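[1] Sequence and predicted structure, then a few things I'm wondering about:
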Amino acid sequence: MALNYNLSKVYALSDNDTEFVNEILTLFVTEVPEDLLQIKEGIKKKDHKHAYAYAHKIKPTLDLLGLNVAFEEILQLEAWTKAEGKKKEIKDIFKSIKSQVSDAVKEIRKDFDL
């Protein structure tokens, strides 16, 4: 049972096409963790544009997979990049996003044998 993600939007979008759902999930577990590393690098180097680009890239996926808290936090991260805020202002939010994505990835890998 999915505790860390929700596939209702994915199934609705795909008209219950399980092959499409598996493709979305495979992309999520392979690409989003790598994109998070890019966001982390952007934060570390104070490269707000870099962090924004990757935050913006993963935002729809977080919404699609029902990671609602992570989605709200990625919006905060985007706002932080636009304001060119200080690293300490965003560290906890980034850690929270990373943790939620990590939990969802682990659960999806287990649930779908990916």
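    Yep, that arrived.
[2] Counting neighbours, what do you get for residue 77?
    25 (other C-beta atoms under 10 Å). (Glycine included, C-beta is placed from N, CA and C.)
[3] okay, it: pLDDT?
    Here the pLDDT value assigned to residue 77 is 97.
[4] Double-check it against residue 96; I have them as touching.
    No. Here residue 77 does not reach residue 96: they are 10.0 Å apart, not a contact under C-beta atoms under 8 Å.
[5] What segments of the chain are helices?
    With helices called from DSSP state H, the chain shows them at 8-14, 18-44, 48-64, 68-83, 87-112.
[6] out of those helices, nearest to residue 2?
    helix 87-112 (6.6 Å; C-beta to C-beta).
[7] for that closest one, packing partners?
    helix 18-44, helix 68-83 (3 or more C-beta pairs under 8 Å, 6 or more residues apart in numbering; DSSP states H and E).
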